[in-house]
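> How does the following fold in three dimensions:
(one chain, ligands or ions: 1)
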Amino acid sequence: MKNYLMHINGLSVGENLKTQDVTNPATNEIVGTVPVGGEDEANQAIDAAHDAFGEWSNLTAYDRAVYLKRFHELMLENQEDLARTMTIEMGKPINESRGEVKYAASFIEWFAEEAKRVYGETIPTHVSGKRLQVWKKPIGVVAAITPWNFPAAMLTRKMGPALAAGCTIVIKPSSESPLTAMKLMELCEEAGFPKGVINLVTGSSSKIAKAVMESEKVRKVTFTGSTEVGKILIKQSADTVKNLSLELGGHAPLIVLDDANVDVAVKGVMASKFRNAGQTCICANRVYVQSGVYDEFVEKFAKAVNELKVGNGEDESVDVGPLINKAGLEKVNHHVQDAIDKGASIVTGGEASTTDGGVFFTPTVIGDADPSMVMMQEETFGPVAPVQKVETQDEAIALANDTPYGLAAYVFTESVGRGTRVIEQLNFGIVGWNEGAPSAAQVPFGGMKESGIGREGGHDGIEAFLETQYVAIGME
Ligand code: NAP
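Okay, the predicted model is just below:
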């Protein structure tokens with residue numbers, strides 16, 4: 001067990017503050033403590049980032065890439081330590097944690113290069129004595145607030161483009177899983193980033209967010225988390241007209257049409273649904289299967305689910321770890337009980353357990369689901385897949401779109417024509433077609449409707465940290 005400290009202006013800070021515990025959800029053991037910072041610490045971090053901005057933004061993209069590439073290398077060299085920290089602080093199976101560290105590092109590498117391709121424009125003039133140009137500038141000090149479910153990747157997906165663009169940053173990780181982020185700060189220190197460029201505060205989210213939102217020095221807030229908190233931040237951003245990027249909740253539909261390859265569909269739903277014990281924003285939350293393949297799909301799906309091993313993520317053979325905490329377990333239990341009360345059948349799973357102090361839910365397939373059930377309307381965030389039988393393609397599309405969320409959707413069909421037509425009608429920012437794992441550093445990630453504003457990853461990811469400056473040059 002280690003007592004971690006905050007990282008402000010190149011110093012370890014917070015020794016004299018009260019601490020909060022971080023517990024392993026597989027065992028309920030305390031695995032670390034972090035200081036409970038508030039407005040004062042947030043303001044110190046903002047001042048440090050503000051002071052560092054001039055020098056950092058004046059470096060060339062090539063110079064900044066040297067720091068980022070060193071950080072990328074250090075992440076890979078320390079993959080095992082980062083992965084173990086992640087697993088013990090939030091329960092993810094160790095192999096998934098290793099995968100997340102690689103995925104997280106890929107954002108640092110990709111954006112180190114992408115900053116070299118931040119092009120302005122020269123626009124043809126309408127008068128011979130003028131030249132018209134568009135310049136790109138880093139937006140300024142950025143505050144990044146991240147969730148617990150991907151403690152490394154959700155952070156580097158923000159840090160990579162922000163730092164590459166020339167911004168400095170104040171990070172506030174989730175209180176449930178701050179330790180991976182704190183280990184990343186140690187690696188940033190080793191990579192030699194100048195002091196004040198990267199700062200991290202832990203503690204009261206509402207107090208830290210208040211300081212961030214009230215500060216004129218912070219020009220951008222980039223947030224990943226629930227739609228509920230995203231809405232609070234939108235309201236709080238009004239007084240200083242902050243630029244916001246929001247990656248919020250999802251409620252992904254997965255559609256299996258009659259002409260799907262059922263084995264491919266089962267592989268896809270397994271990849272999408274049970275990663276991170278179903279606690280991902282893009283995981284399939286509701287499955288719509290056309291009647292012609294419903295029985296075959298449910299049978300093969302249940303068989304694959306029965307092979308998953310549940311347990312402590314430190315065990316190499318475990319596929320599904322614990323849920324994040326008791327509140328998470330209660331939510332999943334409530335969704336399952338509600339579905340049963342409304343006539344759903346448990347095809348497999350359905351059991352909560354608190355073995356050895358951990359909070360586990362067995363991977364579950366629910367049959368005969370219908371729209372009256374809470375799990376067909378809200379993000380469950382657990383290893384539970386409700387399956388509803390549908391008669392037509394249009395019925396599946398209407399049900400899929402009948403939600404305020406619009407993050408990810410999945411479609412399984414062997415027909416190019418059907419797949420194209422279905423996807424054209426789906427209002428989701430990310431679509432997997434015969435594919436259950438669509439994420440990558442070089443593609444745009446983000447949602448429509450109440451799933452967010454803006455995109456991370458790909459070209460859009462760095463634009464989010466740039467201002468456009470139009471320059472009209474008068475000439476003799
Ligand atoms: P959350 O409760 O919204 O928390 C996210 C972050 O916001 C944490 O750092 C939290 O800090 C902080 N926070 C909480 N209340 C706040 C407030 N009033 N003001 C400012 N910050 C506040 O979400 P979560 O439970 O960590 O994450 C799960 C959610 O994130 C799900 O809805 C999931 O779909 C979504 N998510 C979306 C994406 C995406 O890319 N779209 C990716 C991953 C997750 P504390 O922990 O210290 O309270």
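
> tell me the centre residue of this protein?
Nearest residue to the geometric centre of the chain (CA atoms, centre = their mean): residue 154, 4.5 Å.

> Quick check: that residue touching residue 222?
No: counting by CB atoms under 8 Å, residue 222 is not a contact partner of residue 154; they are 9.9 Å apart. Where C-beta positions appear, they are placed from N, C-alpha and C, glycine not excepted.

> Look up how far the ligand lies from the residue nearest to the centre of the chain.
To the ligand, residue 154 is 6 Å away according to CB to the nearest ligand atom, to the nearest Å.

> For that residue, give me phi and psi.
phi -70, psi -20 (degrees, to the nearest 10).

> Please list all residues in contact with residue 172.
Neighbouring residues of residue 172 by CB atoms under 8 Å, 6 or more residues apart in numbering: 42, 143-146, 200-202, 205, 208-209, 212.

> just residue 193 next, same as before
67, 71, 163.

> So residue 432 belongs to a helix, correct?
No: counting by DSSP: H, G, I helix; E, B strand; the rest coil, residue 432 is not part of a helix but strand.

> Look at it and say how many residues are nearby.
By other CB atoms under 10 Å, the residues close to residue 432 number 23.

> Spit out the contact partners of it.
Contacts of residue 432 were listed using CB under 8 Å, 6+ apart, and they are 268, 272, 408-411, 438.

> Residue 373 - nearest residue in space that isn't next to it in sequence?
Closest residue to residue 373 apart from its sequence neighbours, by CB to CB, 6 or more residues apart in numbering: residue 339 at 4.4 Å.

> Go ahead and list the helix or strand containing that neighbour.
Element membership of residue 339, judged by DSSP states H and E, is helix 326-341.

> Please see if that helix touches the ligand.
No: counting by CB under 6 Å from any ligand atom, no contacts exist between helix 326-341 and the ligand, the nearest distance being 8.6 Å.

> ok, and what's touching that helix?
With CB under 8 Å, 6+ apart, helix 326-341 has contacts from 279, 323, 346, 350, 352, 354, 359-361, 364, 366, 369, 373-375, 378, 380-384, 386.

> Close to the ligand: what parts of this protein are there?
Counting by CB under 6 Å from any ligand atom, the chain comes close to the ligand at 145-150, 154, 172, 174-176, 205-206, 209, 224-226, 229, 232, 247-250, 281, 379, 407, 447, 452.

> Counting neighbours, what do you get for the nearest residue to residue 105 once chain neighbours are set aside?
Nearest residue to residue 105, sequence neighbours excluded (CB to CB, 6+ apart): residue 75, at 4.1 Å. Residue 75 has 25 neighbouring residues, counting by other CB under 10 Å.

> so residue 75 sits in a helix?
Yes: under three-state DSSP, residue 75 falls within a helix.

> ok, it - contacts?
Residues near residue 75 by CB under 8 Å, 6+ apart: 82, 101, 104-105, 108, 152, 156, 184, 187.

> Tell me where the stretch 251-400 of the chain has helices.
Residue ranges of the helices in the stretch 251-400 of the chain, as given by DSSP state H, counting those that start in this stretch, are 262-273, 291-306, 326-341, 393-401.

> quick one: the third one to chain centroid distance?
Between the mean C-alpha location of helix 326-341 and the chain-wide mean there is a distance of 23 Å, by CA atoms, centre = their mean, to the nearest Å.

> Can you tell me which of the contacts of helix 326-341 are buried?
279, 323, 346, 350, 359-361, 364, 366, 369, 373-375, 378, 380-384, 386 (16 or more other CB atoms under 10 Å).
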